[in-house]
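Trainee: Kindly generate the corresponding structure for this input.
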Amino acid sequence: MTRLFAELYLDEDVSVLVASLLRARGFQATTTQEAGKVGATDREQLAHAVDGQMAFLTHNRSDFERLAEEYRLGGKGHHGILIAVRRPPHEIARRLLGILNRITADEMENLLLYL
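Mentor: Down below sits the predicted model:
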């Protein structure tokens with residue numbers, strides 16, 4: 001089934017304001033805090049996003065590049081990993097909106113994107 005808009009799961013290092021800004025534009029966004037996953041490992045965070053069919057947003061480039069490669073080599077899929085350089089929340093949300101309005105959830109499958 002085709003999914004138009006990706007849902008996002010925000011790593012605990014991403015400002016919760018980003019989720020609020022995305023929701024204000026009609027997108028689904030869940031924070032680590034809301035999911036009760038604060039302190040979970042990176043592997044557990046990504047697995048939670050996969051289980052919920054959500055793209056994962058983080059600032060943690062090195063660990064999630066490695067996990068994306070592990071998933072690829074292991075033949076496992078994910079719903080997109082978006083890595084954002086640390087910027088003000090409004091700027092991150094603006095960049096995300098540009099992606100979310102251009103790339104469908106299905107097209108985001110297994111992509112590693114940089115904001």
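Trainee: Surely residue 43 and residue 67 touch.
Mentor: Yes: Residue 43 is in contact with residue 67 according to CB atoms under 8 Å; the separation is 6.5 Å. Where C-beta positions appear, they are placed from N, C-alpha and C, glycine not excepted.
Trainee: of these two, who's got more company?
Mentor: With neighbours defined as other CB atoms under 10 Å, residue 43 and residue 67 compare such that residue 67 has more, 22 against 11.
Trainee: measure the more buried one to residue 33 for me?
Mentor: According to CB to CB, to the nearest Å, residue 67 stands 21 Å off from residue 33.
Trainee: Which residues outside the helix or strand hosting residue 90 are in contact with it?
Mentor: According to DSSP states H and E, residue 90 maps onto helix 89-100. Residues outside helix 89-100 that contact it (CB atoms under 8 Å, 6 or more residues apart in numbering) are 5-6, 8, 14-15, 17-18, 21-22, 25, 27, 57, 82, 84, 87, 113, 115.
Trainee: from these, which would you call buried?
Mentor: 6, 8, 14-15, 18, 21-22, 27, 57, 82, 84, 113, 115 (16 or more other CB atoms under 10 Å).
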